[in-house]
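Chemist: Quick one: sequence plus predicted model below, questions after.
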Amino acid sequence: MQNQHEIGILGATGMVGQRFIQLLENHPWFKITWLAASDRSSGKRYEEAAKWRLDTPCPERIAKMTISPAEPYSKDGAGAPKIIFAALDADIARELEPKFAAAGCAVVSNSSAFRMHPNVPLVIPEVNADHLHLIEDQEWRKESGGYIVTNPNCSAIGLVLALKPIEERFGIEQIFVTTMQAVSGAGYPGVPSMDILGNVVPYIKNEEQKMEEETLKLLGSLDGEHIAPLAARMSAHCNRVAVEDGHTESVSIKLGNKLGRPATKEDLLEAWAEFKPLAGQHLPTAPEQPVEWIAAEDRPQPRLDKNRGRGMAASVGRLRPCGLLDWKLTVLSHNTIRGAAGAAIVNAELLLSLGKLEPVAEAAARA
Ligand SMILES: NC(=O)C1=CN([C@@H]2O[C@H](COP(=O)(O)OP(=O)(O)OC[C@H]3O[C@@H](n4cnc5c(N)ncnc54)[C@H](OP(=O)(O)O)[C@@H]3O)[C@@H](O)[C@H]2O)C=CC1
Ligand SMILES: N[C@@H](CC(=O)OP(=O)(O)O)C(=O)O
């Protein structure tokens, strides 16, 4: 890819916005040319508005950029770029993302606002790239070429990466999952230190419902113009724990009978090892091995394993028979990389490789 495409970030000052900047600053296909946040930040230089929380320095070029209002067109008529990465709270996303899509932008969203909308694809490229077909039914796409594509909740994404190869080969009938979610998942400043230090909080608003609905949509199949969710039963328990980054999940599953015989441990390990659905597509942010099996009996652990595959792989370990369902295992993934900014970036890479980020005028003219 020779030309870099100009991109903008909505919510650029937040936890996920900062990850977008970190992951995109040296990206071979995308160049950050526009940053937007709330009225509190607009008009300020990025370094004045954002409290940089990551362990690599804020890129100098970005620090000096001025934050724009969160609108698709500015007063002088100049527009935001046509590719927008969005990292907004759901309520704000619900209001702003459609404005950008209506203005002809491809909105690659990380928020939950439209994930379960029937015409909005909820996508993990390794899992359900075919669901992108839904954008063609969006009114914005028909009128201006713009559209919204979403990535999943940060807890759903690791789980689904681990389950997809199993569902494909063996089928899945029941899923039981308990999460241990990092504090960075709540944004900054997030959970008060007095609430989380030396403690576990067994409640994250709306999280269990999102995990359950999104998992079944992601593992569902495109049926004409609709997604038929996976017909499995699922129960999620979500907890906040005193970990900085990385969501860990204890999972039990009951398998289907696609194989015609009970699956062995070796069958499951082989399914993960051979799961490389994007091989040969050369998407820069996609990990070579999306699901990494760790044999050590006490892994995966967030401190040691969250950065596998540059933070884009789901780590899986502790596979053993389950006394209630068939198998139990532990899954770990980085919540602000694979679970947020990295997920949206790999979605945009997929869209570009499929020709769906071409200039909007062309798409609108075709419609
Ligand atoms: N943190 C995580 O691990 C994950 C987060 N998410 C989701 O990503 C989204 C962002 O999360 P996170 O980065 O943690 O949140 P933060 O609270 O850290 O950041 C929110 C961002 O939105 C901006 N913003 C707030 N109000 C407005 C407004 N009215 N108009 C325009 N911009 C506004 C803020 O700007 P300002 O600085 O000016 O206030 C800031 O840039 C949320 O939907 C969250 O649920 C998803 C997966 C994982
Ligand atoms: N709720 C998640 C992070 C998040 O923001 O999820 P969502 O993208 O579904 O809103 C957590 O607290 O860890």
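Modeler: Received the coordinates, thanks. Ligands and ions are numbered 1, 2, ... in the order given.
Chemist: Leaving out sequence neighbours, find the closest residue to residue 329.
Modeler: residue 319 (4.6 Å; Cβ to Cβ, 6 or more residues apart in numbering). Just so you know, the C-beta spots here come from the backbone N, C-alpha and C atoms, and that holds for glycine as well.
Chemist: Enumerate every residue touching that neighbour.
Modeler: 265, 268, 269, 293, 327, 328, 329 (Cβ atoms under 8 Å, 6 or more residues apart in numbering).
Chemist: Mind checking which of these land in strands?
Modeler: Of the contacts of residue 319, the ones assigned to strands by DSSP state E are 293, 327, 328, 329.
Chemist: Next to ligand 2, which bits of the chain? Give me the list.
Modeler: Contact residues, the chain versus ligand 2 (Cβ under 6 Å from any ligand atom): 90, 112, 153, 154, 181, 185, 186, 204, 207, 210, 335.
Chemist: who's the fifth one bridged to?
Modeler: By that I understand residue 181. With DSSP bridges as the criterion, residue 181 is bridged to residue 240.
Chemist: one step back: could you identify the buried members of the residues of the chain next to ligand 2?
Modeler: 112, 153, 154, 181, 185, 186, 204, 207, 210, 335 (16 or more other Cβ atoms under 10 Å).
Chemist: Quick one: name the residues of this protein near ligand 1.
Modeler: So the chain meets ligand 1 at 11-17, 37-38, 40-41, 70, 87-90, 92, 110-111, 154, 184-185, 187-188, 335-336, 339-340 (Cβ under 6 Å from any ligand atom).
Chemist: Which single residue in the stretch 101-250 of the chain comes nearest to ligand 1?
Modeler: Ligand 1 sits closest to residue 187 of the stretch 101-250 of the chain, with a gap of 3.0 Å, by Cβ to the nearest ligand atom.
Chemist: quick one: residue 60 and residue 47, what's the gap?
Modeler: Applying Cβ to Cβ, to the nearest Å, the value for residue 60 to residue 47 is 9 Å.
Chemist: neighbour count winner among those two?
Modeler: residue 47 (14 against 9; other Cβ atoms under 10 Å).
Chemist: Tell me the secondary structure of that one, please.
Modeler: Following DSSP: H, G, I helix; E, B strand; the rest coil, we place residue 47 in the helix state.
Chemist: Test my guess that it contacts residue 59.
Modeler: No: if you go by Cβ atoms under 8 Å, residue 47 and residue 59 don't touch, sitting 10.5 Å apart.
Chemist: which residues touch whichever residue of the chain sits closest to ligand 2?
Modeler: Minimum separation of the chain from ligand 2 (Cβ to the nearest ligand atom) falls at residue 185, amounting to 2.1 Å. Counting by Cβ under 8 Å, 6+ apart, residue 185 makes contact with 154, 155, 204, 240, 247, 335, 336, 339.
Chemist: could you dump those residues to CSV with pLDDT and secondary structure?
Modeler: Listed next are the contacts of residue 185 as CSV, based on pLDDT from 0 to 100; DSSP: H, G, I helix; E, B strand; the rest coil:
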residue, pLDDT, secondary structure
154, 98, helix
155, 98, helix
204, 98, coil
240, 98, strand
247, 98, strand
335, 97, coil
336, 95, coil
339, 98, helix
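Chemist: Among these, find me the one that's closest to residue 309.
Modeler: residue 339 (13.0 Å; Cβ to Cβ).
Chemist: Surely the closest one and residue 157 touch.
Modeler: Yes: assessed by Cβ under 8 Å, residue 339 is found in contact with residue 157 at 5.1 Å.
Chemist: more crowded one of these two?
Modeler: Taking other Cβ under 10 Å, residue 339 and residue 157 do not tie; residue 339 has more neighbours (30 against 27).
Chemist: Now the more buried one. Nearest residue, chain neighbours left out?
Modeler: Using Cβ to Cβ, 6+ apart, the nearest residue to residue 339 is residue 154, at 2.7 Å.
Chemist: Which residue ranges make up each domain of this structure?
Modeler: Split into domains by automatic domain parsing, the chain comes to 5-150+341-366, 154-334.
Chemist: Compare those and say which comes out lowest on pLDDT.
Modeler: When those are compared by mean pLDDT, domain 5-150+341-366 comes last with a mean of 94.
Chemist: if we can go back for a sec, out of the ones in strands among the contacts of residue 319, what pair is the most spread apart?
Modeler: It's 293 and 328 that sit farthest apart of the ones in strands among the contacts of residue 319, by Cβ to Cβ, at 14.8 Å.
Chemist: Where do the strands of the stretch 1-150 of the chain begin and end?
Modeler: 5-10, 30-36, 83-86, 106-109, 147-150 (DSSP state E, counting those that start in this stretch).
Chemist: need the strands for the stretch 251-367 of the chain, in chain order.
Modeler: 291-293, 314-321, 327-333.
Chemist: right, so of these, which gets closest to residue 65?
Modeler: Among the strands of the stretch 251-367 of the chain, strand 327-333 sits nearest to residue 65 (Cβ to Cβ), with 30.2 Å.
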